[in-house]
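Peer 1: please find the sequence and the predicted model below.
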Amino acid sequence: MTKAKHDTVYDGEAISDARPYKKARTADTGGESNDVDTGKETDVTQHHEETEETTATMSQSDGAQKGGSAGVKRTPGALQPTLTVRSVLPNPTKCLIDDSEIEGYDEILVGRLRKLSGYTNAKANIYALGKLLPTATWGQYNPVNDRSKILCNPATGEPLTLWVVGRIARMWFTKFGAPENQASLTVMPLSKSLGQQSAILLAKMSSPTLNINQQSAQVIRAIKWQNGKKNDGETTAMLFDAVYDVRAEGSLKTYSERPLWNLGDLKTGDLILLEMKMTKYSKKLEDKWHSRAQYEMIAISLLDISDMPEEDNQGTSQIDGLAI
């Protein structure tokens, strides 16, 4: 693999806006940003100041005030425990990177990978997939801003942004040169146990609980609806463009400050930081509605370019197990 010389270790690299928005990269949407040179955090919005400990305390307090347990949701005729990351992953893996997966990378890049793989920023609600907020659960229903199908911080009600580092295994963004309505990206994480843990998380956060496919446990897959504006009653797909080049030192900042990268230049084997959120959707099977957990893409940031040749420029290869 090609190792860029300007891949240097950074201190406290992070994003501020929790989600990139198309046609709006010249302005930040607010959030948490870090001073890369000094490693000091700069609070832009003075929001989400709760630490993880405060999060747990507030969650319990809110539940007590409502006359019930913070870990229990009341449903007609029964009490059902609330699904949390801790309840489905009581013993999370400590192996976030397999040494065999980073052989050949220079020390500077390896340092960055280790920081990204263990990164957390409670104020910005950003958590590496191997360091998830234990109290995270599905958000609250609201007729105006419904977050009941998004993994959230229960203390703030804000959705979590999840980070995972890995190599691109498969992509599906276009078909015969035109954007597909639903895009997908599959990555091989740098830790086999992290891939297995991710599969368990998705299976147990679904209802009913799914059986774990050993093949799917080796990869992490995220989808993205590429729906654009309606024209004459029809919705035209718009190609996902939240793709960035963060190979340079200090470039992993706010989305508006990151150098852009062409989606068409990504290829199998490229090392990326995939930013995503966990959501769930409903699917009717045998006259019963089932809930399925999945990942949705927020942004893709290139960390290192692979020497592997690209196999499919049009993105027409079949993706098994498409969600929804």
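Peer 2: Cool, the structure landed. Numbering: from 1, shown residues only.

Peer 1: going forward, measure contacts between C-alpha atoms and count neighbours the same way
Peer 2: Fine.

Peer 1: just the helices in the chain please.
Peer 2: Counting by DSSP state H, the chain has helices at residues 52-65, 85-88, 107-117, 192-204.

Peer 1: pull the CA atoms of the second one into CSV?
Peer 2: I take that to be helix 85-88. This file holds the C-alpha atoms of helix 85-88, laid out as CSV (Å, rounded to 0.1, in the frame of the first residue of the first chain):
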residue,chain,number,x,y,z
VAL,A,85,-25.5,-0.9,24.4
ARG,A,86,-24.5,-2.2,27.9
SER,A,87,-27.4,-4.7,28.0
VAL,A,88,-26.5,-6.2,24.6
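
Peer 1: which other helices and strands does that helix contact?
Peer 2: Under the contact definition 3 or more Cα pairs under 8 Å, 6 or more residues apart in numbering; DSSP states H and E, helix 85-88 sits against helix 192-204.

Peer 1: give the buried residues for the helix it packs on.
Peer 2: By neighbour count, with 16 or more other Cα atoms under 10 Å as the criterion, the buried positions of helix 192-204 are 192-204.

Peer 1: once you drop chain neighbours, what's closest to residue 199?
Peer 2: Excluding its sequence neighbours, the residue lying closest to residue 199 (Cα to Cα, 6 or more residues apart in numbering) is residue 217, at 5.1 Å.

Peer 1: same question, residue 159
Peer 2: Spatially, and ignoring its direct neighbours in sequence, residue 159 is nearest to residue 152 (4.1 Å; Cα to Cα, 6+ apart).

Peer 1: and what of residue 190?
Peer 2: For residue 190, the nearest residue in space outside its immediate sequence neighbours is residue 97; the separation is 5.1 Å by Cα to Cα, 6+ apart.

Peer 1: ok, residue 262 next?
Peer 2: By the measure of Cα to Cα, 6+ apart, the closest residue to residue 262 outside its immediate chain neighbours is residue 243, 6.7 Å from it.

Peer 1: tell me how many other residues surround that neighbour.
Peer 2: Look at residue 243: counted by other Cα atoms under 10 Å, it has 22 neighbours.

Peer 1: what does residue 260 give?
Peer 2: Using other Cα under 10 Å, residue 260 is surrounded by 17 other residues.

Peer 1: quickly list what it is bridged to.
Peer 2: Beta-bridge partners of residue 260, counted by DSSP bridges, are residue 244.

Peer 1: any stretches of the stretch 101-250 of the chain with poor pLDDT?
Peer 2: 215, 229 (pLDDT under 70).

Peer 1: got a list of what residue 216 touches?
Peer 2: The neighbourhood of residue 216, defined by Cα atoms under 8 Å, 6 or more residues apart in numbering, consists of residue 199.
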